[in-house]
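Undergrad: Build me a model from this:
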Amino acid sequence: MSGKWDVRDIAAANFRTYVDADGKRRAGDVVVFIGLPLMLGVTCGLLRHFGHLHILDVSKFIGGVGVFTGLLFGLLTNVFTLSLRVRRDEGLDPDHVVIRNVRELFANLSWAVLVGLLLVVLLVVVTATHDPKKSIGVAWTGILVTTFSHLILSLLMSLKRLWFAHQNVSNLPPKVAS
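TA: Coordinates of the predicted model:
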């Protein structure tokens, strides 16, 4: 895989954040962030199969999800700047809780941008291959619901990371005047 578009490092960094504050792996996180979206996707797919859920004309979502993903990318660049500033200006140890929170936030937001891009691509494919007046199929219903719900959960985790980083700002050492 080309190093220019290889996203395995981003995925690995994101999934490494599925830990407790003490660094222990959390099986519950895997269940919530992977299992719950899959369960929602399968449930919606089954509802579609039995005629209780109809998703029509997904082309209307492309612009919104695309803009949303672009805004996430902008937020990611701001977190990158924050990461540089905290490391350089505060002179904190790489294991400091604020540094760890910002690093995990960067990983989670990077992953959210990738999932958002994937969702845009999936929406474009569905739009190009389906009649907008007919419900999309069972499989596409499940895939889109799974991807969208995983994106939302990833954003909620990013919000939690930002909240934790903000709470730990009071733990920063006082700035020494030069």
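Undergrad: who are the neighbours of the helix or strand hosting residue 163, in terms of helices and strands?
TA: If you go by DSSP states H and E, residue 163 is part of helix 138-167. Where contact means 3 or more Cβ pairs under 8 Å, 6 or more residues apart in numbering; DSSP states H and E, helix 138-167 is packed against helix 36-49, helix 97-129. C-beta here means a position set from N, CA and C on the backbone, and glycine is covered the same way.
Undergrad: In that helix, which residues are buried?
TA: For helix 138-167, the neighbour count (16 or more other Cβ atoms under 10 Å) marks 138, 140-151, 153-155, 157-158, 161-162, 164-165 as buried.
Undergrad: Give me the helix or strand of this structure that scores worst on average pLDDT.
TA: helix 27-30 (a mean of 90; mean pLDDT, DSSP states H and E).
Undergrad: Output it as PDB, nothing but the C-alphas.
TA: Extracted as PDB, the C-alpha positions of helix 27-30 are listed here (Å, rounded to 0.1, in the frame of the first residue of the first chain):
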ATOM      1  CA  ALA A  27     -13.500  -4.500  25.600                       C
ATOM      2  CA  GLY A  28     -16.500  -2.300  26.300                       C
ATOM      3  CA  ASP A  29     -15.200   0.400  24.000                       C
ATOM      4  CA  VAL A  30     -14.800  -2.100  21.100                       C
END
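Undergrad: Show me where this structure dips below the pLDDT cut-off.
TA: 1-2, 90, 176-178 (pLDDT under 70).
Undergrad: Please repeat the previous calculation with a cut-off of 90.
TA: Scanning the chain for pLDDT under 90 picks out 1-5, 19-27, 82-101, 161-178.
Undergrad: Skip the chain neighbours and tell me the closest residue to the residue minimising distance to the centre of it.
TA: Residue closest to the mean C-alpha point of the chain, counted by Cα atoms, centre = their mean, is residue 112 at 2.4 Å. Closest residue to residue 112 apart from its sequence neighbours, by Cβ to Cβ, 6 or more residues apart in numbering: residue 154 at 4.4 Å.
Undergrad: can I assume that neighbour is in contact with residue 116?
TA: No - judged on Cβ atoms under 8 Å, residue 154 makes no contact with residue 116 at a distance of 9.0 Å.
Undergrad: Would you check that residue 132 makes contact with residue 56?
TA: Yes - counting by Cβ under 8 Å, residue 132 touches residue 56, with 6.3 Å between them.
Undergrad: just checking, residue 115 touches residue 154?
TA: Yes - Residue 115 lies in contact with residue 154 (Cβ under 8 Å); the separation is 6.0 Å.
Undergrad: Excluding covalently adjacent residues, which one is nearest to residue 118?
TA: Closest residue in space to residue 118, ignoring its immediate chain neighbours: residue 147 at 6.1 Å, by Cβ to Cβ, 6+ apart.
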